[in-house]
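J.: Predicted model, plus sequence, below.
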Amino acid sequence: MSAIATVVVVTFGLLMIAFTVVVFSKQEVAERFLSLFASSARSHYLEQVFRVLAGAALVVSSPSMWQSKSFWFVGWVIVVSSAVLMCIPWQWHHRFGERVKPLLLRYLKLYAVGSFVFGALLLYGLFAGSSTAARLAPQ
């Protein structure tokens with residue numbers, strides 16, 4: 001289970017970094033991608049399933065990560081917020097997204113930098129924690 005969680009966290013971190021690359025290289029592609037979120041019931045629930053998967057993987061991986069309590073907390077925030085979004089009508093999520101989209105698109109590059117930082121922190125947290133755990137393990 002831990003190995004699978006690690007793969008999911010690495011994938012999640014790399015996707016966050018890749019999103020940043022797309023924003024700075026082909027912004028219109030990133031804008032289209034973001035417009036798909038909550039555009040239908042299917043996309044809404046699919047997004048939430050991926051969020052729950054990433055959040056749960058973060059919770060499972062957090063004990064071996066650098067700043068484990070912080071990543072544990074972030075993982076649970078992702079899981080709980082996704083569970084709440086699954087319990088509300090997808091149209092509410094869509095309406096909220098439509099209201100927020102102009103602000104998001106106006107500051108998309110800043111959002112992308114935040115995405116990069118979060119992805120890099122995930123990878124650093126995972127690998128710095130793993131190397132620390134390996135150094136502290138009894139020989």
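T.: Yes, it's here.

J.: How is the residue most central in space within the chain assigned, secondary-structure-wise?
T.: Taking CA atoms, centre = their mean, the centroid of the chain lies closest to Phe12, which sits 5.9 Å from it. In three-state terms, and counting by DSSP: H, G, I helix; E, B strand; the rest coil, Phe12 is helix.

J.: Quick one: residues contacting it.
T.: 54, 57-58, 119, 122 (CB atoms under 8 Å, 6 or more residues apart in numbering). C-beta here means a position set from N, CA and C on the backbone, and glycine is covered the same way.

J.: who wins for most neighbours among the residues you listed?
T.: Each of the contacts of Phe12 was scored by neighbours using other CB atoms under 10 Å; the highest score is Leu58's, at 27 neighbours.

J.: That one touches Gly75, doesn't it?
T.: Yes. Between Leu58 and Gly75 there is a contact under CB atoms under 8 Å: 3.2 Å.

J.: The contacts of Phe12: which two are farthest apart?
T.: Pairwise distances across the contacts of Phe12 (CB to CB) peak at 13.9 Å, for the pair Ala57 and Gly119.

J.: Output the longest helix belonging to the chain.
T.: Taking residue count as the measure and DSSP state H as the definition, the longest helix of the chain comes out as helix 108-136.

J.: which helices and strands does that one pack with?
T.: helix 2-25, helix 27-35, helix 68-87 (3 or more CB pairs under 8 Å, 6 or more residues apart in numbering; DSSP states H and E).

J.: Now tabulate those helices in TSV and tack on mean pLDDT and distance to Tyr111.
T.: Listed next are these as TSV, based on pLDDT from 0 to 100; distance: least, CB to CB, whole Å:
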stretch	mean pLDDT	distance to Tyr111
helix 2-25	97	8
helix 27-35	94	9
helix 68-87	97	17
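
J.: closest to Ala112 out of these?
T.: In this view, those are compared for proximity to Ala112 by CB to CB, and helix 2-25 is the closest at 3.7 Å.
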